[in-house]
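Colleague: only geometry, no sequence info:
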């Protein structure tokens, strides 16, 4: 699995990023993992580096040097303050994988649930499936141990990152089943919305997938944890932010029109609600 060019969507301030790598999932697992992501950092003593991301509308299985967590879909910008040196290896999960793990993603919204932490008992949170609570501890410890052994220190090279993602992929392959029909529909919905910027309405998704609007709504809530319109708007908002920072000549009104917003004011309201600032303010701040 070679490293791939960075998809700029969701990264609000690229110049502030630590070393960041993205590794595609093996072909036979792309119905369960979209890609692996690996930040590595070394921050000067006494300093903090704040990272701000507008996440993809999905869940992530995340391995830290001493813990494994499941981060659910978010409704707002995510911030993380980095200090010292370190690394994280995450897997951006396909909707079918969240279903396969037994989680209800809606209860994970705007939350990062600890599944295993070194020296602590397995999670007993009510929203963690029984299989994870009762049997997952040793398996999650194994996952953390294998990824940690591959990564070593914060300066891990491409070979170390590749070994870490191979270990992660093998773990997913043995513990997350192939998608059922419901999961497959959820994956196809995600592919459609992510890949076609002209999609702005639920009715378009339903028509392209050959199902009812109610079916789209049900599969989005069951496998992603967000309403389908929220998924659509997140991708379009990511694209708007990317256009704003990469093309200073394009107007906010033009971006709004191209991404299906009714007008400049609707894009501005969406921006302010999720990012906490206006499109023009973001363009100047980036």
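Modeller: Arrived safely, thanks for sending. The structure displayed is predicted, hence computed values, not measured ones.
Colleague: Now the terminal residues of stretch 46-61, how far apart.
Modeller: 30 Å (C-alpha to C-alpha, to the nearest Å).
Colleague: Leaving out the residues flanking it, which one is nearest to residue 267?
Modeller: With C-beta to C-beta, 6 or more residues apart in numbering as the criterion, residue 267 has its nearest non-adjacent residue at 3.9 Å, and that residue is residue 256. (Glycine included, C-beta is placed from N, CA and C.)
Colleague: if I pick that neighbour, what's in contact with it?
Modeller: 240, 262, 263, 264, 266, 267 (C-beta atoms under 8 Å, 6 or more residues apart in numbering).
Colleague: Among these, name the buried ones.
Modeller: By neighbour count, with 16 or more other C-beta atoms under 10 Å, the contacts of residue 256 hold 240, 264, 267 as buried.
Colleague: Lowest pLDDT pick from those?
Modeller: Lowest in pLDDT among the buried ones among the contacts of residue 256 is residue 264, which has 89.
Colleague: Would you quantify the distance from the residue nearest to it when sequence neighbours are not counted to residue 229?
Modeller: Nearest residue to residue 264, sequence neighbours excluded (C-beta to C-beta, 6+ apart): residue 253, at 4.4 Å. To residue 229, residue 253 is 22 Å away according to C-beta to C-beta, to the nearest Å.
Colleague: burial measure for residue 249, as a count.
Modeller: Residues within reach of residue 249, counting by other C-beta atoms under 10 Å, total 5.
Colleague: Can you list phi and psi of it for me?
Modeller: According to degrees, to the nearest 10, the main-chain angles of residue 249 amount to phi -80, psi -20.
Colleague: what about the nearest residue to residue 66 once chain neighbours are set aside, how many neighbours?
Modeller: Using C-beta to C-beta, 6+ apart and skipping the chain neighbours, the partner closest in space to residue 66 is residue 118 (4.3 Å). Neighbours of residue 118 under the rule other C-beta under 10 Å: 13.
Colleague: same thing with residue 140?
Modeller: Neighbours around residue 140, by other C-beta under 10 Å: 24.
Colleague: That one: which element?
Modeller: Using DSSP states H and E, the element containing residue 140 is helix 130-151.
Colleague: Could you give the average pLDDT over that helix?
Modeller: The average pLDDT for helix 130-151 rounds to 79.
Colleague: Next SSE downstream of whichever strand or helix holds the residue nearest to residue 267?
Modeller: Using DSSP H and E, residue 256 falls within helix 252-258. Per DSSP H and E, the first helix or strand lying C-terminal to helix 252-258 is helix 264-275.
Colleague: Any idea how far that following helix is from the middle of the chain?
Modeller: Its chain's C-alpha centre and that of helix 264-275 lie 21 Å apart, by C-alpha atoms, centre = their mean, to the nearest Å.
Colleague: which residues touch it?
Modeller: Taking C-beta under 8 Å, 6+ apart as the rule, helix 264-275 contacts 12, 54, 75-77, 233, 237, 240-241, 252-253, 255-256, 259, 261, 277-279, 282.
Colleague: what do you get if the cut-off is 6 Å, keeping everything else the same?
Modeller: 76, 77, 237, 252, 253, 256, 261, 278, 279 (C-beta atoms under 6 Å, 6 or more residues apart in numbering).
Colleague: One more: stretch 75-93?
Modeller: With C-beta under 6 Å, 6+ apart as the criterion, stretch 75-93 contacts 33-43, 48-55, 58-64, 110, 147, 151, 154, 164, 168, 274-275.
Colleague: From start to finish, how long is that stretch in a straight line?
Modeller: End-to-end distance (C-alpha to C-alpha), stretch 75-93: 17 Å.
Colleague: Show me the helices in the stretch 1-150 of the chain, by range?
Modeller: Along the stretch 1-150 of the chain, counting by DSSP state H, counting those that start in this stretch, helices occupy 95-101, 130-151.
Colleague: Let me have these in JSON lines, extended by distance to residue 196.
Modeller: Formatted as JSON lines, the helices of the stretch 1-150 of the chain follow (distance: least, C-beta to C-beta, whole Å):
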{"stretch": "helix 95-101", "distance to residue 196": "17"}
{"stretch": "helix 130-151", "distance to residue 196": "34"}
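Colleague: neighbours of residue 149, just the number please.
Modeller: 12.
Colleague: Skipping adjacent residues, who's closest to it in space?
Modeller: residue 167 (8.0 Å).
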